[in-house]
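Sequence first, predicted model second:
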Amino acid sequence: WKCDDLTPDTCELHVKSGSLEVKSIPVRYWRYTSPSPSTSDEIKHSIVVLHGGPSFTHSYLLPLKQLACRGAEVIFYDQAGCGSSSYQNFSLEEHPHL
């Protein structure tokens, strides 16, 4: 079973995916929005969904994307080295913040 099989979309959702670098570490993200929020044409607020770990991905939290049907922007990401975010052999010299 996949989350989408168990919790089908309650409205049409748009998803934008991409990647960005956080302190030179590549991170993948997915941004869910509704093309027509229920109460206005503007996004009410943004929700950033943090997944657990170690080595988990965001996929088990995907039912939360339904909050976009109520006008929120819902953003998922895979932490560095997890899921779709590439794993790199990070050195403490190059990334002391880790």
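Yes, it's here.

Skipping its backbone neighbours, what lies nearest the most centrally placed residue in the chain in space?
With distances taken as C-alpha atoms, centre = their mean, the residue of the chain nearest its centroid is Phe76 (0.9 Å). Spatially, and ignoring its direct neighbours in sequence, Phe76 is nearest to His58 (4.0 Å; C-beta to C-beta, 6 or more residues apart in numbering). Bear in mind the C-beta positions are built from the backbone N, C-alpha and C, glycine included.

What of Glu94?
Ser24 is the one closest to Glu94 (C-beta to C-beta, 6+ apart), at 7.5 Å.

neighbours of the one you found, just the number please.
9 (other C-beta atoms under 10 Å).

what are the phi and psi values for it?
phi 70, psi 20 (degrees, to the nearest 10).

If I look at the residue nearest to Phe76, what pLDDT would I see?
As predicted, His58 sits at a pLDDT of 86.

what does Gln88 give?
For Gln88, the pLDDT comes out at 68.

Please apply the same query to Leu98.
Note on Leu98: pLDDT of 62.

ok, now Gln79?
Value listed for Gln79 in the pLDDT field: 81.

can you check Thr33 too?
92.

Going along the chain, name the strands of the chain.
For the chain, the strands defined by DSSP state E cover 14-22, 25-33, 46-49, 73-78.
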